[in-house]
Structure formats: structure tokens, C-alpha cells
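Engineer: here's my sequence, what's the structure:
(one chain, ligands or ions: 2)
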Amino acid sequence: MIFSRTSALFALASGAYAQSQYTATGTAAVAKAAATALTLSPTSNVPGSTFNRFVQIWLENQDYSAAIADPNLAYLASRGITLSNYFAITHPSQPNYVAAVGGDTFGVANDNTHYISASTKTIVDLLDNAGISWSLYQEDMPFSGFEANWVNQETGANDYVRKHNPLMSYNSVTSDTDRLAKSKNFTMFYEDLDNNELPQWMFITPNMTNDGHDSSLATAGTWSRNFLTPLLSNTNFNTDSTLIILTFDEGTTTGTNQIYSVLLGGAVSSAKVGTTDNTEYNHYSLLKTVETNWNLGNLGQNDVDATAFF
Ligand SMILES: *[C@@H]1O[C@H](CO)[C@@H](O)[C@H](O)[C@H]1NC(C)=O
Ligand SMILES: *[C@@H]1O[C@H](CO)[C@@H](O)[C@H](O)[C@H]1NC(C)=O
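Structural biologist: Ligands and ions are numbered 1, 2, ... in the order given. Model (predicted):
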């Protein structure tokens with residue numbers, strides 16, 4: 001009783017109706033929470049019109065022109081469809097992540113901690129309504145549902161950051177422990193992969209080194225190729241109905257915000273491998289594509305008029 005009243009007070013202080021028991025960053029508090037935090041690995045098999053699994057992987061802060069010239073990203077492009085006219089929504093990072101799951105930036109215009117009202121819906125509401133399983137995989141998050149930022153415990157370097165976790169700003173997600181339990185780390189990704197328990201919709205965020213944020217385009221390109229190559233031949237991940245998009249959150253602030261995005265996976269027909277699609281897309285296309293594929297309806301935001309990939 002006392003415990004839940006305390007939690008409620010913390011919740012009000014940190015954003016109405018968001019959970020607050022997973023925000024501590026001290027070593028002992030994190031170890032304690034890690035021992036008890038719920039982890040869920042839901043699966044389902046709802047057929048879509050073009051694909052049965054949708055995977056998005058987000059890298060950081062490069063213009064299209066630079067990224068397409070990276071040898072590893074160019075190699076990956078050669079194995080799929082290059083979307084050569086794809087734009088991020090805005091700057092800086094966080095509103096792009098927010099927009100890609102909710103259909104709007106909802107006033108988020110910086111990388112600070114934001115709490116979006118519990119009445120604001122996201123793609124996971126549409127997925128849940130249709131019984132389509134989903135999870136977030138965030139490299140180096142210390143435990144499922146963790147809601148703060150986490151540094152490398154040996155070097156102190158930024159590692160997992162809340163601003164690159166697309167659903168964490170939404171109280172409709174963080175007020176629900178079952179939803180928090182589907183925000184997982186890469187340990188869980190590989191466990192779910194090995195157990196053949198990956199969901200139908202997933203969002204993958206590499207850590208601050210591997211996504212290029214605190215390193216270089218070359219690091220992000222190398223990581224992407226090394227991460228994806230074994231997965232593309234693993235049928236627990238990639239079947240003939242898996243669609244993968246490798247993209248960036250945004251371009252540099254001096255460019256047009258055109259970014260590299262490539263469609264990969266078995267849902268790309270062999271006739272399309274190595275081709276280029278010059279249709280104009282943006283991050284709202286990620287929503288429209290998923291909504292169209294599974295006939296989910298829409299969020300009534302910028303997803304409505306976005307262009308789907310198929
Ligand atoms: C990843 O999350 C799981 C589930 O909460 C946790 O048991 C595990 O220790 C985490 N892995 C790392 C490397 O932090
Ligand atoms: C990110 O992950 C890689 C392994 O994939 C690791 O070598 C690197 O140290 C991690 N970055 C940070 C900041 O911990």
C-alpha cells in the first residue's frame with residue numbers, strides 16, 4: 001500500500017501516469033530491478049498482404065550522399081531496394097523516433113526527456129488491436145523496461161539512451177508494465193532469435209557507438225553489415241515474408257534531411273534486389289506501410305497521407 005502510493009507520487013512528479021520504478025540508474029538499484037523486471041517475448045502469425053514481419057533498424061545522423069558511399073552500406077543496398085528519395089522529419093534525433101511510431105512529433109523538438117499524454121496512441125495500439133506481436137530491441141539497455149539512460153559501466157561512455165527508444169516518451173506505453181516488458185536489450189534479442197520467438201514488428205536500436213552517433217559512419221556501416229549478414233540467412237529472423245528497413249534517424253543539420261534507407265529481407269522479390277525506388281518517402285511511410293500491410297486503420301496523424309513502400 002505504502003509502496004504503491006509512493007510510486008504514484010513519483011509518477012506524477014516525472015510525467016503523469018508514466019511508470020517510475022525503472023528510472024533509477026545506480027548500480028545497486030539497476031541490479032535489483034533487473035532481477036525482478038518483467039520480460040515478455042510475445043509471438044504471433046498474422047499474415048500481411050506483403051510481409052509477415054517488419055523490422056526497422058535505426059542508425060544516426062548522416063546524409064544520404066555520405067551513407068550511400070560507405071562501402072558496407074553500399075553493399076547492403078546492393079542486396080535490397082535503395083530508397084533514393086527518403087527524408088527524415090526534422091532535427092534533432094528524438095522527434096524523428098517519436099514521429100516514426102506516433103505519426104507526429106507531438107511538440108517534441110529537442111532531445112530532453114518528454115512525456116506524451118497517455119491518451120496519445122502509437123503504432124503498438126494498432127498492432128495490439130490486431131493481435132500482432134511487437135518488441136523493441138535496444139542494445140545495452142540494462143534490463144527490460146528500463147526508462148533512463150545507461151552508460152558503459154567500465155568507460156562511462158554513453159551507451160543506451162532513452163531518446164533513441166521510440167516508445168519511451170509515450171505514457172501510453174510506459175504506464176503499462178506489459179508494454180515496458182517488450183522494451184528489451186540485445187541479450188533478449190539473441191535469446192528470442194535462438195528460441196524462434198521473435199515478434200512480427202520490431203524496432204532495433206544499436207548502442208551509441210554502433211549506430212554512429214558517438215563514432216563514425218564507417219563504424220555504423222561495419223556494424224550494420226556484421227549484424228545483418230548472419231541474420232539474413234537465419235530463418236528464425238528472415239523468411240520469404242520478412243521485410244527489413246535499415247535507415248537513419250536524420251541527416252546532418254546542413255543538408256536537406258535526405259537519408260539512406262534500404263529495404264532488405266525475403267519479402268523483397270529477387271527481381272527487385274539491387275534496384276532503386278525514387279518515390280518520395282519519409283518516416284511516416286514506416287507507419288503507413290505497416291498499417292496497409294495488416295489493414296490496421298491509422299492513427300489519424302501524418303501517417304494518413306504518407307506513402308507506403310508497397
Ligand atoms: C538484458 O535484459 C535482461 C532482461 O531484463 C537481463 O536479465 C540481462 O541482464 C540484460 N543484459 C545485459 C547485458 O544487461
Ligand atoms: C556498443 O557495443 C559494442 C559491441 O557491439 C561494444 O564494443 C561497445 O563498447 C558498446 N559501446 C558502449 C559505449 O558501451
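Engineer: what does the stretch 101-250 of the chain put close to ligand 2?
Structural biologist: Asp140, Asn152, Ala157, Asp159, Asn207, Met208, Thr209, Asn210 (CB under 6 Å from any ligand atom). Yep, even glycine has a C-beta here, placed from its N, CA and C like the rest.
Engineer: looking at those residues, which are in strands?
Structural biologist: Among those, DSSP state E puts Asp159 in strands.
Engineer: which of the residues of the stretch 101-250 of the chain next to ligand 2 sits closest to Phe54?
Structural biologist: Nearest to Phe54 among these: Asn210, at 21.2 Å, using CB to CB.
Engineer: surely Leu231 touches Thr239?
Structural biologist: No: using CB atoms under 8 Å, Leu231 is not in contact with Thr239; the gap is 11.6 Å.
Engineer: what does Leu246 show for phi and psi?
Structural biologist: Backbone dihedrals for Leu246, given as degrees, to the nearest 10, come out at phi -100, psi 120.
Engineer: what residues are up against Leu136?
Structural biologist: By CB atoms under 8 Å, 6 or more residues apart in numbering, the contact list for Leu136 reads Asn165, Pro166, Leu167, Lys182, Ser183, Lys184, Met202, Phe203, Ile204, Thr205.
Engineer: list the helices and strands the helix ranked longest in the chain packs on?
Structural biologist: Ranked by number of residues, the top helix in the chain under DSSP state H is helix 217-232. Judged by 3 or more CB pairs under 8 Å, 6 or more residues apart in numbering; DSSP states H and E, helix 217-232 is in contact with strand 53-59, helix 64-67, helix 71-78, strand 242-248.
Engineer: in JSON lines, list the ones you listed along with mean pLDDT and distance to ligand 1.
Structural biologist: As requested, the helices and strands packed on helix 217-232 are arranged in JSON lines below (pLDDT from 0 to 100; distance: least, CB to the nearest ligand atom, whole Å):
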{"stretch": "strand 53-59", "mean pLDDT": "99", "distance to ligand 1": "18"}
{"stretch": "helix 64-67", "mean pLDDT": "98", "distance to ligand 1": "29"}
{"stretch": "helix 71-78", "mean pLDDT": "98", "distance to ligand 1": "25"}
{"stretch": "strand 242-248", "mean pLDDT": "99", "distance to ligand 1": "23"}
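Engineer: need the ones you listed in JSON lines (columns: mean neighbour count).
Structural biologist: As requested, the helices and strands packed on helix 217-232 are exported to JSON lines (neighbours: other CB atoms under 10 Å):
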{"stretch": "strand 53-59", "mean neighbour count": "24"}
{"stretch": "helix 64-67", "mean neighbour count": "20"}
{"stretch": "helix 71-78", "mean neighbour count": "18"}
{"stretch": "strand 242-248", "mean neighbour count": "25"}
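Engineer: returning to what we had before: go back to the contacts of Leu136 and keep what's next to ligand 1.
Structural biologist: Among those, no residue sits close to ligand 1 (CB under 6 Å from any ligand atom).
Engineer: so who does His283 touch?
Structural biologist: Residues in contact with His283 (CB under 8 Å, 6+ apart) are Ala88, Ile89, Asn96, Ala99, Ala100, Thr247.
Engineer: confirm Pro95 sits in a strand?
Structural biologist: No: applying DSSP: H, G, I helix; E, B strand; the rest coil, one finds Pro95 to be helix, outside a strand.
Engineer: how near is Gln62 to ligand 1?
Structural biologist: 27 Å (CB to the nearest ligand atom, to the nearest Å).
Engineer: let me fix that, I meant to ask about Ala37.
Structural biologist: The value you get for Ala37 to ligand 1, if CB to the nearest ligand atom is used, is 5 Å.
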